[in-house]
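Novice: okay, here's the prediction I keep looking at, along with the sequence it came from:
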Amino acid sequence: MNIDYRKITLDGLWHNNPALVQLLGLCPLLAVTASVVNSISLGIASTLVLIGSNLTISTFRKFVPDAVRLPVFVMIIASFVTCIELLMQAVTYELYQILGIFIPLIVTNCVIMGRADAFASKNPVSASLLDGAMMGIGFTVVLVILGGLREALGSGTLFADMHLLFGPMAENWTITLVEDYKGFLFAILPPGAFVGLGLLIALKNIIDKRLKDRQLANAPIIDQDSGTKRVRVTGLIS
Amino acid sequence: MSAVLIAILVLLSLAVVFGLVLGFAAVKFKVEGNPIVDQIDDLLPQTQCGQCGHPGCRPYAEAIANGEQINKCPPGGQSTIEALADLLDVEAVPLDAEHGEESIKTVAYIREDECIGCTKCIQACPVDAILGAAKQMHTVIVSECTGCDLCVEPCPVDCIDMLPIETTLNNWKWTPPVPGIELIATDTGRTITHASNKEGTPS
Amino acid sequence: MALIRITSPHVHKPTSTAGIMRLVILATLPGILAMTFFFGWGTLINIIWASALAVTFEALCIKARHRPLSFYLKDNSAILTAVLIALALPPFAPWWLTAIAVFVAIVIAKQLYGGIGQNPFNPAMVAYALVLISFPVEMTRWTAPFMLYGEGWNILAFTDTLSLIFGSWAEHADAFTSATPLDEMRHRGGLTTEEAWRASDVLANVGAWHAVSAAYAMGGVLLLYKKIFSWHTPAAFLLSLGGIATFFYIISPDTYADPFFHLTVGGTMLGAFFIATDPVSSATSNKGKIWFGIGIGCLIYIIRTWGNYPDAVAFSILLMNLAAPFIDQYTQPRAYGHKAPKRGMKGKA
Amino acid sequence: MSKIFAFHGGIHPPENKKQSTRAPIRLAPIPEQLTIPIQQHIGAPAKPCVQVGEQVLKGQMIAEAQGRISVSIHASSSGTITDISPQAVPHPSGLEAPCIRIKTDGQDQWAPHQGLADYRSLPQLELIDYIRNHGIAGMGGAGFPTDVKLHLGDDHIVNTLIINAAECEPYITADDMLIRERAEQIVGGIEIINYLLNPTHILIGIEDNKAHAIRVLEDALRHTELNIDIVVVPTKYPSGGEKQLVRLLTGVEVPSGRIPADVGIVCQNIGTVAAINQAVFHGTPLISRIVTVTGGAAGKPQNLEALIGTPISDLLETAQVNHKTLSRLVMGGPMMGFTIEDDAIPIIKTSNCIIAAVKEEMPPAPPSQACIRCGLCEQACPAELLPQQLFWFSKSREFEKAKHHNLFDCIECGACSYVCPSNIPLVQYYRFAKNEIRAEEAEQRKSDQARQRFEARQARLEQAVLDKEIRRKERAEQAAKTQAAKKASNETAAKTPEDNIKQLKTAAAITRTKLKKALSALEVAKADSSDNIAQLDLQYKQADHAAEEAQKALELAQSGPQVPTTSAAPDIKQLKTQAAVARTKLKKAQQALKIAEDKGHDGADTLRATVVQLEEKSAAAQLAFASAETSTASSGSPLLALKESTDKALGTLKKAEAALETAIANNSPAAEKMKAGVVKLKAKYTEALAAQKSAELNTQTTSAPKATEVPAQNVEQQPTARTPADLKALKQNVSIMRTKLKKAETLFASAEADSEQAGELQQEIVRLTQLHKDAKAQLDAEEAGKIKAAAAQGIDLKKLKIDAALARAAVTKLERSIKKAQEAESAELNALQNELLAAQQQATQFNNTLSQFE
């Protein structure tokens, strides 16, 4: 079987981006993207689970009967999420507390379930692994951009509290965009996340349209071989 | 260790219970056939023209149900594509030009003094809308003709024309009003084409 | 003689959307005058500033959407939105606050949804709610009526007001700010209503608020008379609010404010006559309008009395805007020749 | 006074009615040309019952009702029918529809007509038929045939009759003026309807802006015994809508999708009522109506009584319309009327108003803005719909939802469009949506039908394949059995009838050969007169031979009654042919003789002798044929042999033609000769056909008298009828008989007193009638035969045409393939081009021959 790795990569990052195109996993996406650090941590956690689950499911895909695949997938995903949760408790306890319920909620993240069912259960291990990684990265990127947007608008900073994730060396990563910023509460609140995501999707559509237009302008006009496909319904009465 | 054991046991028993439920459901709610084919077939224009690459409308309906593109039916045109998109909950795509273009509705007309009575068109007509016999001149039952133009090609003397259906007082239709100025460049498409072939309503 | 084919009807009532909008704007005049009289030039300056911004934003959006500019600008809807926002904001709201509000109203709440006639929410109220949530401090800085009047009824000069709005607010802010009667009533600590009335300066001056409300009501009655909107929404709105207030007032006059208070302070009258009656975002049928009004009235009382915010007209109207399509589905009038009205929606939603 | 029940919505557009009520109703002048559409009503179009060129009188029926829902149409004035063809008719589409056009003669001469002295003496059904025949259709709007509404008494209980005089549309005052000036007609009409429907309650609904009319009507109603209530309703559009008026006057709503009769109510327009009165009391059909001609461009706005079919231009002229300021011509009211582009469009039964508007009074609609859901349309809708919802659904083509929102309860009154501040053409959207829904439904029906037919066809084909398989097996079995049977017994087949036929065929072939020879002889004779004698001698011999053979065949036929008729019949045919041939030869010989005599040849004597002999032979052949004919009964398939011979001739002809083609293609020098040969062959073929024809003729002539059992003297009297193709004689015969019969009849009439003579005469008349009848029958049969013969000749042309078409098609196909070959730069190009040349030649050849024949 011929696997198009380039296509898988591009799909995950852009064409079939889980957050911007598939609109999956919106619950954590909208809830935790108030700051960059939250976004990064949730993104990484989701990506790890995604890679792990895709790998496992792809490996065992031939042994799982179709009728019971969903319970099996849930089991696998739940195991990985539990691992991640325990890991975060151990390493970044503060962050774990901030993200709270959204870490366990990764179990129900549609991105992971969706990729498991749509891709990993039908494709070989290497492709699934790449797909999990790319989908995860695509998801994380959107999370981070949205988080940055909201953090900048809402509290006038960027990369605040990064030490929660990266340890003491990240203490002074914080960038203050506007001194003495009063804060724009709307951006921090969930409605701001909705508006922000909407704008991001719009932006992606604009870029896509531009790309397509350019492609059309450059593409040579291919003469279509038309009218060859017609099939006669009726034959001779013999 | 006992905690792990208990967990495993609990999961096992859950698996057994749900497995039974699943097994029961698989037997009890088994779906026979595919009802969607009938629904798709209902939306297709039934011209049986074969332009989609299938021998008739029903085979195409079956193909659509199995995931074929919905834009291969020129007689149905954009409205059929939209109805199908609506039914199947997929995105409406423009008509595939490879299978032909949407044109005005026509019916076959046999120039009767040129007909030599070869019966080739009778054999070609999928809906038995041509009347005639060997060595006798043929004629088309206009009310039954679907305009599929399958009869045109077999005619050895090229005496069949596809004539557009004439507008009379009985089948005349009001033209849609020109959408106001609220129309923007990006939502042209269908509405514009509808508007372009009309005359005289307020603009 | 060039005869053309035109479909009937061939005559048309000389009304226009722009005319309706203009009339509504005119109907806000008594309210504007009253506000100016009691709270100084700030309201007027805000209206002008907001209108200028609104027209600019509207024009930019229309251009960006490749639509005919003058055709859309002529319908006066942007100015009406701006006037309503300016009336709802505190008279000395800083310039950027008004700017954000107008931007949200015109760009996000109206044009992004498809422009005039397409917005599910009242743009002015979306903007108001957004700035209220985002900038609680600025939004509660009202002035007390007559506070700007110095000795011998000299109102704070126009230029001073300008610098107050466009200059740095912080320097003067505390000199002028005061809570609204609803704030006072809500944050009165453990006092009974009776005690609150006696204790609060703001509540003592509540007459000015009553006057402003009366001015709005006047404009509303004018629109009613002109048949710009039907009586259903405002009547249902005011009656339900009054009814609930009366009910609770009778149960416990000490805990709950009297119905008259509820009807005549805050944005009640402005909401009842100018915002809830916005046809685009409200229910359609007469019956639907009644339910719509009742919903707003009830929500206002609930939020004012038990919610976090002292006034609730904006939230209530937005919530009911959300419910309007649903109400429409279930309040279709019975058509001629039908036994019962049809309910709900057939076909795919 | 009855109570008034309000209906929801409605609007108050400016009335503009005063302008046209100042002057009394005036008769419009009779136009030069009347254009009367054959469909002026709902239902089936009437069927024209006049011919172009026919003279018609005023009030004469020119198209009769067809089917239950239809009304007849009458000439509006006397004149000549000039045309029955599609003309522009009053319809929003501006399309054309079949119309009868009458060129008036200015006499305006009435056809005899008479009213009913006492309509109560007629049964109700007959009275309704009477009304239907007088072309009464609803004059308010839709033009529903009135008789159908009056017929309702049978399956509905009618308790209320509503006379609609509301006339709610602005500008229109036709009904208003009708009441003012002709109230007594209305009362009379109501009495007639009352007799037909027998309602318990009669209401006249009239808007309060017609004070004068109300007064007149009240006065008029004093003279009637009926209990009629005038209900004055407030002026509001559309209170004249049927459903709205029903609601206004009775408080009852007509259920959705039903008619008022379902709730016991019948509505009639006041104009219709007056028309019924005129029809019943005066016998005048509906040929004119009152039309309001008004509008800003009209110099003298007024009501005109115009003939149905009058072009609008005439009315505009009468009302002094200023064509410079006229910007829009509306037929009907400003709310529901439609614009017309052509002022030659005629007035029809439903045309109540023509508005010649100036630009200021009906300005072009400004561009529509976005809907702001202001709800004004909903407040105005008289059907209590949600116009803005319907608008969204119609615009986005969500017709299912539009239907759910009661789109089909919309009466298209236009009130919503009138009030819309955003100038949205709401009602236009609804009309469009209704149209689309109806079209979609029709399409759905059609596609269902197509599916059924397709499936039926598939099933049939499958069945056919199966059947064939079964038959094949059966045949195989059968064959095996026969094989076995053959082996068992060596049987000999009796082929007597077949032999007989073969013989006859040979005979026919021989005759044909002779014919050919005779022809060539004739040609040669023409070319060279000196060789006359020898040629004629040859002819004589041939004729002799033919006659002998005919004699033989005759003997065979006579002596063999045991021979089956099927085989004997062709024999007779042949005899006939031979007789005919002999006659022809005789004639030719006579001609030759004449020429010879003129030229003073010595051979003239011999020729003369030949002619005499030929005469004898011819007579003998004729005799033989006649006797053969009388001896055998004719049967169904006597033409077979002849047909076969014609087919053979055709075959030869075709072969020759093919040969000719190849010759031409090869540029052979013999081509010219061959061409001549082909022409000859064609002639021969034509002759064979003619023979066949005459044979057919004979069959008929012989069968006719036999079928009618002619008395003996009749046969004696008409021996000429026996000779074929003597149409003239037959005709004469018939006319003689007719004259005789007439004479006898007159005699009989004058001699009535004398009973004895009368008896005799009567017998004579009976006999003569019989004779006349027979002669006529023969003549008819003869003529029928002729027609058939003509058809037979047609076959020839047909075949040729087919060949020509095939050749043409071949040329086009070749051209196409050459094109392809050119594109592909194929090596076959040369070969193809040659082929094309040949095909083209062939095609031209055919075309030439074809043109000779056509």
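Specialist: Arrived safely. Numbering: from 1, shown residues only, chains lettered A, B, ... in the order given.

Novice: so what are the domain limits for chain B?
Specialist: Structural domains assigned to chain B are B:35-99, B:106-164, following automatic domain parsing.

Novice: which one of those lies closest to residue C:92?
Specialist: Closest approach to residue C:92 among the domains of chain B (C-beta to C-beta): domain B:35-99, 51.5 Å. C-beta: built from backbone N, CA, C; applies to glycine.

Novice: for the record, mean pLDDT for the closest one?
Specialist: Over the span of domain B:35-99, the pLDDT mean works out to 85.

Novice: and it, does that touch chain A?
Specialist: Yes - Domain B:35-99 reaches chain A (C-beta under 8 Å from any C-beta of the partner chain) through B:48, B:49, B:50, B:51, B:52, B:53, B:54, B:55, B:56, B:97, B:98, B:99.

Novice: in helices, which of those fall?
Specialist: Among those, no member falls in helices (DSSP state H).

Novice: drop anything exposed from the residues you listed.
Specialist: B:48, B:49, B:50, B:51, B:52, B:53, B:54, B:55, B:56, B:99 (16 or more other C-beta atoms under 10 Å in any protein chain shown).

Novice: with residue D:452 as the reference, measure out to the closest residue to the first one other than its chain neighbours.
Specialist: Spelled out, that is residue B:48. Once flanking residues are discounted, residue B:48 sits nearest to residue B:126: 3.8 Å by C-beta to C-beta, 6 or more residues apart in numbering or on different chains. Separation of residue B:126 from residue D:452 (C-beta to C-beta, to the nearest Å) stands at 12 Å.

Novice: the more surrounded of these two?
Specialist: Neighbours were counted for residue B:126 and for residue D:452 using other C-beta atoms under 10 Å in any protein chain shown; residue B:126 has more, 25 against 12.

Novice: ok, now which ones touch residue 157?
Specialist: Just going to use chain A. By C-beta atoms under 8 Å, 6 or more residues apart in numbering or on different chains, the contact set of residue A:157 is A:151, A:174, A:175, A:176, A:177, A:181.

Novice: chain D is the one I meant
Specialist: residue D:264.

Novice: helix, strand, or coil at it?
Specialist: coil (DSSP: H, G, I helix; E, B strand; the rest coil).

Novice: what about residue C:107, how many neighbours?
Specialist: Using other C-beta under 10 Å: residue C:107 sits among 18 other residues.

Novice: same deal with residue D:683?
Specialist: There are 13 residues near residue D:683, going by other C-beta under 10 Å.

Novice: with residue C:51 instead?
Specialist: Neighbours around residue C:51, by other C-beta under 10 Å: 20.

Novice: then residue D:156?
Specialist: 17.

Novice: same check on the one 10 residues further on?
Specialist: Other residues within reach of residue D:166, judged by other C-beta under 10 Å, total 32.

Novice: next, the contact list for residue D:442, please.
Specialist: Taking C-beta under 8 Å, 6+ apart, one finds nothing in contact with residue D:442.

Novice: what pLDDT does it get?
Specialist: 88.

Novice: break chain C into its domains for me.
Specialist: Split by automatic domain parsing, chain C gives C:17-178, C:207-331.

Novice: comparing the ones you listed, which yields the minimum mean pLDDT?
Specialist: Looking at these, the weakest mean confidence is domain C:17-178, a mean of 85.

Novice: how long is that one end to end?
Specialist: One end of domain C:17-178 sits 39 Å from the other (C-alpha to C-alpha, to the nearest Å).

Novice: C-terminal to the helix or strand harbouring residue D:769, what's the next element?
Specialist: Assigned by DSSP states H and E, residue D:769 belongs to helix D:755-824. Using DSSP H and E, the helix or strand that follows helix D:755-824 in sequence is helix D:829-853.

Novice: disregarding residues adjacent in the polypeptide, which is nearest to residue A:177?
Specialist: For residue A:177, the spatially nearest residue (C-beta to C-beta, 6+ apart) is residue A:156, at 5.1 Å.

Novice: got the contact list for the one you found?
Specialist: Taking C-beta under 8 Å, 6+ apart as the test, what residue A:156 contacts is A:176, A:177, A:178, A:181, A:183.

Novice: nearest to residue C:134 among the domains of chain B would be which one?
Specialist: Using C-beta to C-beta, the domains of chain B put domain B:35-99 closest to residue C:134, at 37.3 Å.

Novice: got the residues of chain A near chain C?
Specialist: So chain A meets chain C at A:182, A:183, A:184, A:185, A:186, A:187, A:189, A:191, A:195 (C-beta under 8 Å from any C-beta).

Novice: no more questions from me, cheers.
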